[in-house]
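Colleague: Here's a sequence, model it:
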Amino acid sequence: MKPVTVRPGEVVTIKAFDDVPEHQFLVDEVFEDFVTGFAVTGDLAGEYGEPELEMVLRNPSKPKK
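Modeller: Take a look at the predicted model:
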């Protein structure tokens, strides 16, 4: 599978984990193995996070409401 390319300012989809469903995430910074930013949708909307790159499923064109 081709790795997902992630850039600052993009909104990506983060896969579900624990009790948190799949959600949209606004990327602030990209590092070697994780990104930083804020959840846009879902239970964590508005919360800061540092998901690992392997959690990124895809780059949608815009956030889902």
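Colleague: what about the residue nearest to P51 when sequence neighbours are not counted, how many neighbours?
Modeller: Closest residue to P51 apart from its sequence neighbours, by Cβ to Cβ, 6 or more residues apart in numbering: I14 at 5.3 Å. The way it works is simple: take the backbone N, C-alpha and C, and place the C-beta from them, glycine included. Number of residues near I14 (other Cβ atoms under 10 Å) recorded here: 25.
Colleague: Look up which residues are beta-bridged to I14.
Modeller: Residues in a beta bridge with I14, per DSSP bridges, are H23, V56.
Colleague: Show me what stretch 17-35 is in contact with.
Modeller: The contact list for stretch 17-35, computed with Cβ atoms under 8 Å, 6 or more residues apart in numbering, reads 6-16, 36-45, 49-53, 55-57, 60, 63-64.
Colleague: so who does the residue nearest to P51 touch?
Modeller: Shown in contact with I14 (Cβ under 8 Å, 6+ apart): 22-25, 39, 49, 51, 55-57.
Colleague: Could you check the pLDDT of it?
Modeller: As predicted, I14 sits at a pLDDT of 95.
Colleague: same check, this time on the one 10 residues further on
Modeller: pLDDT, the model's per-residue confidence, is 95 for Q24.
Colleague: same question, D43
Modeller: For D43, the predicted pLDDT is 90.
Colleague: Which of the helices or strands spans it?
Modeller: Remark: D43 resides in no helix or strand, with elements defined by DSSP states H and E.
Colleague: where does it fall, phi/psi-wise?
Modeller: phi -60, psi -30 (degrees, to the nearest 10).
Colleague: so the residue most central in space within the chain is in which element?
Modeller: Computing the C-alpha centroid of the chain and ranking residues by Cα atoms, centre = their mean puts F25 first, at 3.7 Å. Element membership for F25 (DSSP H and E) is strand 23-30.
Colleague: just to revisit the earlier point, how much space separates the residue nearest to the centre of the chain from D19?
Modeller: As judged by Cβ to Cβ, to the nearest Å, F25 and D19 stand 17 Å apart.
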